[in-house]
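Chemist: can you look at this prediction? I've put the sequence above it.
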Amino acid sequence: MNRIDRINGKRQLKTMHLLLIGLLGLQLAACAGVPELAKRKSDAVSAAPAEFHTDYLETHEFKLFALLPENMRVSEDGILTVLIEGDGFAYLRRDRASDDPTPLSRTVIDLLPRDGRLNVAYLARPCQFTGATDAACDVSVWTSARYSERVIDTMGEAVTILKASAHATKLRFIGYSGGGVVAALLSARRADVESLVTIAAPLDTDAFVAVHSVSPMDGSLNPRDFAQELSTMPQVHFVGEQDKIVPRQILESYLAALPNKACAEIVTVSGASHGSGWSMISPMPVDQRPACHLVHATQGFVP
């Protein structure tokens with residue numbers, strides 16, 4: 001065997017070794033109990049209040065999964081509350097993306113009210129609960145570009161569909177984790193948002209990258225860059241006392257960028273981690289009413 005053959009042989013072995021590592025990672029994920037899509041979807045539907053049903057919203061690029069109350073409609077205030085799902089099962093491990101971002105947990109669905117109200121909707125993110133079968137569902141949609149212009153445009157389109165279906169005039173956003181990032185970015189570009197509530201949301205994605213020493217999200221937008229547009233938005237941001245994924249310093253970096261801080265508040269939830277403890281928020285998220293605490297005649301705030 002000549003030198004070139006030996007080199008090619010080593011390359012083939014290395015390629016096979018990497019392939020085996022990748023397959024092993026998938027096998028370990030399966031062994032760890034990662035449920036199939038059908039199971040994740042049925043668990044989500046089962047966890048929703050009895051009066052909610054599944055729906056799929058057709059946008060120009062994605063089909064989005066939603067949980068909606070039968071006969072969804074708003075009350076006298078004309079406000080529809082939309083809960084936005086987090087990033088879901090985006091990664092198998094730190095350095096390997098999953099092939100389906102459908103959430104494993106029911107953190108957001110558990111925040112839906114159980115009192116029969118009809119003015120609340122749950123909205124999943126692109127490629128969640130749909131089998132990632134849309135032609136647009138490349139891995140970047142739930143990794144580096146999960147807060148990209150195209151994703152935010154799609155979410156905005158879906159929210160507009162929900163608003164029309166409920167005959168709403170205003171929107172109230174509640175976003176968990178990456179869903180809070182989406183909610184903030186939507187709030188920055190819409191004139192019909194009454195208030196913004198986020199839970200464990202990395203609202204400064206650059207700070208998030210720095211804290212965790214991970215690759216920059218080059219294809220995504222950062223809410224901190226829209227601080228000017230968001231500064232007049234009544235908003236409250238909940239952070240877990242034990243959250244190691246989105247520590248308080250990330251929210252403080254976002255808050256520091258707001259030209260006016262009278263409309264924004266950070267609240268630490270005792271005992272909460274990134275994925276648990278949010279039921280301790282009181283009033284519950286759907287009943288939170290953020291407000292601007294000072295009157296600035298030049299900006300037209302009403303406390």
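Modeler: Arrived safely.

Chemist: nearest residue to residue 71 in space, please, no chain neighbours.
Modeler: residue 118 (6.1 Å; Cβ to Cβ, 6 or more residues apart in numbering). Quick note: C-beta positions are derived from backbone N, CA and C, even for glycine.

Chemist: same for the helix or strand that contains residue 161, what does it pack against?
Modeler: According to DSSP states H and E, residue 161 maps onto helix 149-165. Helices and strands touching helix 149-165, by 3 or more Cβ pairs under 8 Å, 6 or more residues apart in numbering; DSSP states H and E, are strand 52-58, strand 63-69, strand 79-84, strand 120-123, helix 178-189.

Chemist: now do 7 Å
Modeler: strand 79-84, strand 120-123, helix 178-189 (3 or more Cβ pairs under 7 Å, 6 or more residues apart in numbering; DSSP states H and E).

Chemist: could you give the mean pLDDT of the second one?
Modeler: Same thing as strand 120-123. Average pLDDT, strand 120-123: 98.

Chemist: name every strand pairing with it and say which way it goes.
Modeler: Strand pairing for strand 120-123, determined by DSSP bridges: strand 63-69 (antiparallel), strand 79-84 (parallel).

Chemist: residues contacting the closest residue to residue 111 other than its chain neighbours?
Modeler: Nearest residue to residue 111, sequence neighbours excluded (Cβ to Cβ, 6+ apart): residue 285, at 5.4 Å. Contact analysis of residue 285 by Cβ atoms under 7 Å, 6 or more residues apart in numbering lists 111, 174, 197, 199.

Chemist: taking these together, which two end up most distant?
Modeler: Within the contacts of residue 285, 111 and 197 form the most distant pair, 10.0 Å apart (Cβ to Cβ).

Chemist: rewinding a little: would you agree the residue nearest to residue 71 falls within a helix?
Modeler: No: counting by DSSP: H, G, I helix; E, B strand; the rest coil, residue 118 is not found in a helix; it is coil.

Chemist: in the chain, where is pLDDT below threshold?
Modeler: The chain contains residues with pLDDT under 70 at 1-32, 294-303.

Chemist: 90 instead, please
Modeler: For the chain, the stretches flagged by pLDDT under 90 are 1-34, 92-95, 132-136, 214-215, 218, 293-303.

Chemist: at the geometric centre of it, which residue do we find?
Modeler: residue 179 (1.7 Å; Cα atoms, centre = their mean).

Chemist: correct me, but that one touches residue 84?
Modeler: Yes: under the criterion of Cβ atoms under 7 Å, residue 179 is in contact with residue 84, at a separation of 3.6 Å.

Chemist: on that earlier part again, please identify the most buried of the strands paired with strand 120-123.
Modeler: Greatest average neighbour count among the strands paired with strand 120-123 goes to strand 79-84 (a mean of 25), per mean count of other Cβ atoms under 10 Å.

Chemist: and that strand, how far out from the chain's middle?
Modeler: Per Cα atoms, centre = their mean, to the nearest Å, the displacement of strand 79-84 from the mean C-alpha position of its chain is 13 Å.

Chemist: tell me which residues are up against that strand.
Modeler: Here strand 79-84 has contacts from 74, 108, 111-112, 119-123, 159, 162-163, 166, 168, 170-175, 179, 182-183, 194, 286, using Cβ under 7 Å, 6+ apart.

Chemist: got it, and stretch 176-187?
Modeler: For stretch 176-187, the external contacting residues (Cβ under 7 Å, 6+ apart) are 84-87, 107-108, 125, 146-147, 152, 155-156, 159, 173, 175, 193, 196, 198-203, 205, 221, 223, 226, 230, 233.
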